[in-house]
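In: everything below, folded, please.
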Amino acid sequence: MSEELAYTDFELLYLVIGAVVLLNAAISWLVFSHLSMRPLEQKLRDLNSDNISDWDGPGWRTATYAIKLVLPPHIWGAHTMFLNPFQLHEIATSADKKRALWFWLSWLIAIAMAFGFSLFFV
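Out: Sure, this is the predicted structure:
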């Protein structure tokens, strides 16, 4: 019976940690979109290079800005859709890049935990 209780405790702990990780991911989304993406869009508008602010799927614009800041611009090339990564890296601050990294790492961890939950607990 104690083994069954230990498994239940582990499952509960996993769910609590998963909820905290998901909450962190949601907060990172809001923080990045309000503190980094909006100012970057304004800078792009000032440079007449904004061609993405009117487009948005279910939050994909935020993810697009973040992934273009996380990865080096030469991976994307100069002629990528919506955003020029070279220009984006030039106008972004180091805080913008850190928020983008926080955004992507938190969502990757949340997805990994959801995948782990589906493997071990369902």
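
In: just for the chain, where's the confidence low?
Out: For the chain, applying pLDDT under 70 flags the ranges 1-7, 53, 56-58, 78-79, 122.

In: go again with 50.
Out: The chain contains residues with pLDDT under 50 at 1.

In: need the longest helix for it.
Out: helix 2-32 (DSSP state H).

In: elements contacting that helix?
Out: Packing partners of helix 2-32 (3 or more CB pairs under 8 Å, 6 or more residues apart in numbering; DSSP states H and E): helix 60-70, helix 94-120. In this view, the C-beta of every residue, glycine as well, is placed from N, C-alpha and C.

In: looking at those, which is closest to residue 19?
Out: Minimum separation from residue 19 across the helices and strands packed on helix 2-32 (CB to CB) falls at helix 94-120, 9.8 Å.

In: for residue 84, find the nearest of the helices and strands packed on helix 2-32.
Out: When the helices and strands packed on helix 2-32 are compared by CB to CB, helix 60-70 sits nearest residue 84, at 8.8 Å.

In: name the residues that touch the closest one?
Out: Contact partners of helix 60-70, identified using CB atoms under 8 Å, 6 or more residues apart in numbering, comprise 29, 32-33, 36-37, 40, 52-53, 55, 76, 80, 82-83, 85, 88-89, 92, 96-97, 99-101, 103-104.

In: burial count for residue 118?
Out: Residue 118: 9 surrounding residues under other CB atoms under 10 Å.
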